[in-house]
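> Could you look at this predicted model? Sequence included:
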Amino acid sequence: LGVNLASRGDRLNNVWIWKQSRTMEAGQRRLISTGSEFERRYGYSRAVVQGNWCFVSGVTGYDYKTMSMPPTIEEQAKQCFQTIDGVLKEGGFRMEEIVRVQYTITCREHAERLAPILEHYLSEIRPAATMVVAGLIKEEMLVEIEVTAMKP
């Protein structure tokens, strides 16, 4: 699966789309990046589009416009969904096509504070979901949201 990272492809709405040099059976693989230092340093893509699937890596509440982390879980979750929405759009997907979501929160008490945000963004979509309580890479990160979307 040789990925040609030397030629980045196109930058659309502040999201890099890397093009894979080899076409797969289910269609061409595209690697999408927000340009985050984490993506480069830890060697991953913000999302991978393969055929009618879009796999979005765990997204934290980091605001790439202000280069800051909001202080509350509610604000971080809203920012996560804004980033996810933008990445899905860059991959040719919509929020309504989310079929799976995993939330990682840093303490159980955050679950109730997070619920209204999840209800706002996902109550009509109702994807399969898992919530895990675990530590995240940086202390200020309170939530990480990972989604998978599929076109019908």
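Received, thanks. Numbering: from 1, shown residues only.

> Could you pick out the longest helix of the protein?
In terms of residue count, the longest helix belonging to the chain (DSSP state H) is helix 73-90.

> Low-confidence regions, the chain specifically.
The chain contains residues with pLDDT under 70 at 1-27.

> Please report the distance of Val147 from Gly91.
Using C-beta to C-beta, to the nearest Å, one gets 11 Å for the distance from Val147 to Gly91. All C-beta atoms are positioned from the backbone trio N, CA, C, and that covers glycine.

> and what of Tyr42?
From Tyr42 over to Gly91 (counting by C-beta to C-beta), the distance is 20 Å.

> of these two, who's got more company?
Gly91 (25 against 10; other C-beta atoms under 10 Å).

> tell me the contacts of that one?
Gly91 makes contact with Arg30, Ile32, Ala47, Val49, Cys54, Ala149, according to C-beta atoms under 8 Å, 6 or more residues apart in numbering.

> burial count for the third one?
I take that to be Ala47. Neighbour count of Ala47, defined by other C-beta under 10 Å: 26.

> I'd say it and Arg29 touch.
No: applying C-beta atoms under 8 Å as the test, Ala47 and Arg29 come out as separate, 10.9 Å apart.

> now the helices for the chain?
For the chain, the helices defined by DSSP H cover 37-42, 73-90, 110-122.

> Relative to Glu140, which of those helices is closest?
Comparing the helices of the chain against Glu140 with C-beta to C-beta, the closest turns out to be helix 73-90 (8.8 Å).
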